[in-house]
Structures are given as structure tokens and as C-alpha cells.
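1. Here is the input, now give the coordinates:
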Amino acid sequence: MSDFLSTLVDEFPQVRAGLWVTLQATVLGSLLALLLSFTLGLMAGSKLLLVRGVSRTVVEFFRGTSLYIQLFWLYYAMPQLTGYELTPVVCGVVAFGLNYGAYGSEIVRGAINSVPRAQYEAAVALNMSPFHRMRKVILPQAWVQMIPSFTNLLIQLLKCTPLLWLISAADLMTVIQQIRDRTGETLTAYLTLLAAYFVLAYALTLLMNLLERSAKRRLGLHTGTRSLLRTRSAEAATTAGGAR
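-> Numbers count the residues shown, from 1 in each chain. Here you go, the predicted model:
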């Protein structure tokens, strides 16, 4: 253990760089997934059959194929077709965004559909345009319901970032693996990874709890301080499991 810890301290710049790559992939992949979630989720509620069909086709494709295959296809196969090669980090961001965006679209669609019909009717009675109905009435109520499921998806995305190791990205997993190979300290290396990802996941949970609390306050729903420290159930976390 002492050899591993001393090497970890000596290689701290590389560890910090690997952690930064992991955070980049998580944050940028989450932003892309969020964008696709709302785009595809809103398209799924369109009155146009073609728009709904496109949304359903994209969602089912990325939910029905493995994230491993999507990642490898973007990194190894796409350059042969297009002649353009993505960097490992960009490749991971795109793969994570597409895969989790497909799952997130179902969260958006379900949350919007769960808003009581009376809310739609009241907005129509106030002569609000469809855009303003969605922005001022529907989405604020649906957003509160989306956050817990989005929290689980975000944590799942974070836990999939070690896959970047498979395409030679210098993420946290890669750096710790290199230190493990040099020191032979397998147990300590993987315990360090477990602790690091737990801290990152819990930090994301706290941030999302804070976001949920803020969203509820805007609707006049007051929550106690304990709500910031609660963890999420695994109910929605299994939604992404089928693609692994």
C-alpha cells in the first residue's frame, strides 16, 4: 500500500489530469444528453406523425444497442466511413450523450404527460400560445418530476466513464490502472477508484438535490434541509442498464 500511495503522490499531476478528463466527459456528456432528452421528448409529443416517428426511431435505436458498441463504432468504425477521427474524449461525450439522451427523452415525455390535464385547459383558457403554455405552465411542473430520474441517469453516466479506458483516453481509470501496473497494488488501486467514484457520485447527488429544492420552491413547494442529503432509490437507475 505504501508503494501505491507514494507513487500516487508522485504522479498527482497525472491523476489530476485524469480526474479532469473524467469530469469533462461527465459534464459535457450530460449536457448533450439533456439537450437530446428535451428535443426527442418534446418531439414524441408532437401532433405530426413524422416527427413522432423520427423521435421513436432514434430513441429505440440508441436504447436497443449497447453503449460499448456505440463507443467503439464512433472511435474505430466512423473514421473509415467519414475519414474524420474523433478524439477519445469527444468520442466518449458523443456516445454518452446519444445513449443517455435516448433514455432521458422518455423521462421528459413521461413527466410532461403526467402534468394534470386541467393545467393545459387553464393555460388555453388564458389564451396562452402553445410555446408559452409549455414554458410557463407545463415545463416548470414537469421539471420537478424529471430531476430525480435525471439524477440517476447522471450518476449512471459518471459510472460509465471508465469505458473511456477502452479507447485509450487518459481518464481517472487509465491513470490509476497505470499506477497499479507499476506498483502491483491491485487491491489498493481499485479501492481508490471505488472511493473516488463514490465521492463524485455523492457530490452530483447533492447538486441535483439542491437543484430539485430550488425548482420546488419556484412552485411554492417548500422542503426541509434534510432533502439535500437524501440519496436516490435505484428505481430509475435501472433504465440505462439494458444498454450495457
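2. Over to residue 140: give its phi and psi.
-> For residue 140, the backbone dihedrals (degrees, to the nearest 10) come out as phi -60, psi -40.
3. For it, the count of nearby residues, please.
-> 14 (other Cβ atoms under 10 Å). From N, CA and C alone the C-beta is placed, and that goes for glycine too.
4. Spit out the contact partners of it.
-> The contact partners of residue 140, taken as Cβ atoms under 8 Å, 6 or more residues apart in numbering, are 215, 218, 219.
5. Would you agree the last one is in contact with residue 143?
-> No - under the criterion of Cβ atoms under 8 Å, residue 219 is not in contact with residue 143, lying 9.2 Å apart.
6. Neighbour count: those two, which is higher?
-> Set side by side, residue 219 and residue 143 show more neighbours around residue 143, with 19 against 11, by other Cβ under 10 Å.
7. list the contacts for the more buried one?
-> Here residue 143 is in contact with 111, 215 (Cβ under 8 Å, 6+ apart).
8. and it, what element?
-> helix 139-160 (DSSP states H and E).
9. Beyond that helix, next helix or strand please.
-> Downstream of helix 139-160 (by DSSP H and E), the next one is helix 172-183.
10. Does the helix or strand following that next one pack against any helices or strands, and if so which?
-> Toward the C-terminus, helix 172-183 is succeeded by helix 186-218 as the next helix or strand (DSSP H and E). Under the contact criterion of 3 or more Cβ pairs under 8 Å, 6 or more residues apart in numbering; DSSP states H and E, helix 186-218 touches helix 2-10, helix 12-44, helix 139-160, helix 172-183.
11. and residue 95, how many neighbours does it have?
-> Quick note: residue 95 (other Cβ under 10 Å) scores 28 neighbours.
12. Okay, now the unreliable bits of this protein?
-> Along the chain, segments meeting pLDDT under 70 span 1, 222-244.
13. In it, which residue sits furthest out from the middle?
-> In the chain, counting by Cα atoms, centre = their mean, residue 125 sits farthest out from the average C-alpha position, at 37.1 Å.
14. contacting residues for residue 193?
-> 162, 172, 173, 176 are the contacts of residue 193 under Cβ under 8 Å, 6+ apart.
15. repeat for residue 215
-> Counted by Cβ under 8 Å, 6+ apart, residue 215 has contacts 140, 143, 144, 147.
16. do that again at 6 Å, thanks
-> Neighbouring residues of residue 215 by Cβ atoms under 6 Å, 6 or more residues apart in numbering: 143, 144.
17. Also residue 180?
-> By Cβ under 6 Å, 6+ apart, the neighbours of residue 180 are 186, 189.
18. mind running it again at 10 Å?
-> Residue 180 makes contact with 4, 7, 186, 187, 188, 189, 190, 192, 193 under the criterion Cβ atoms under 10 Å, 6 or more residues apart in numbering.
19. just to revisit the earlier point, to residue 72, which of the helices and strands packed on helix 186-218 lies closest?
-> helix 139-160 (13.6 Å; Cβ to Cβ).
20. What residues sit buried inside the closest one?
-> 139, 141-158, 160 (16 or more other Cβ atoms under 10 Å).
21. With stretch 184-204 instead?
-> 185, 188, 189, 192, 193, 196, 197, 200, 201, 204.
22. Could you pull up phi and psi at residue 66?
-> The phi/psi pair for residue 66 (degrees, to the nearest 10) is phi -70, psi 140.
23. Could you check how far it is from residue 74?
-> Distance, residue 66 to residue 74, by Cβ to Cβ, to the nearest Å: 13 Å.
24. Please identify which of the two sits among more neighbours.
-> residue 74 (21 against 13).
25. Quickly note the distance from that one to residue 163.
-> In terms of Cβ to Cβ, residue 74 sits 12 Å off from residue 163.
26. hang on, the earlier thing: next, format the contacts of residue 140 as JSON lines and append distance to residue 47.
-> Putting those into JSON lines (distance: Cβ to Cβ, whole Å) gives the following:
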{"residue": "215", "distance to residue 47": "28"}
{"residue": "218", "distance to residue 47": "29"}
{"residue": "219", "distance to residue 47": "27"}
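27. I appreciate the help and will end here.
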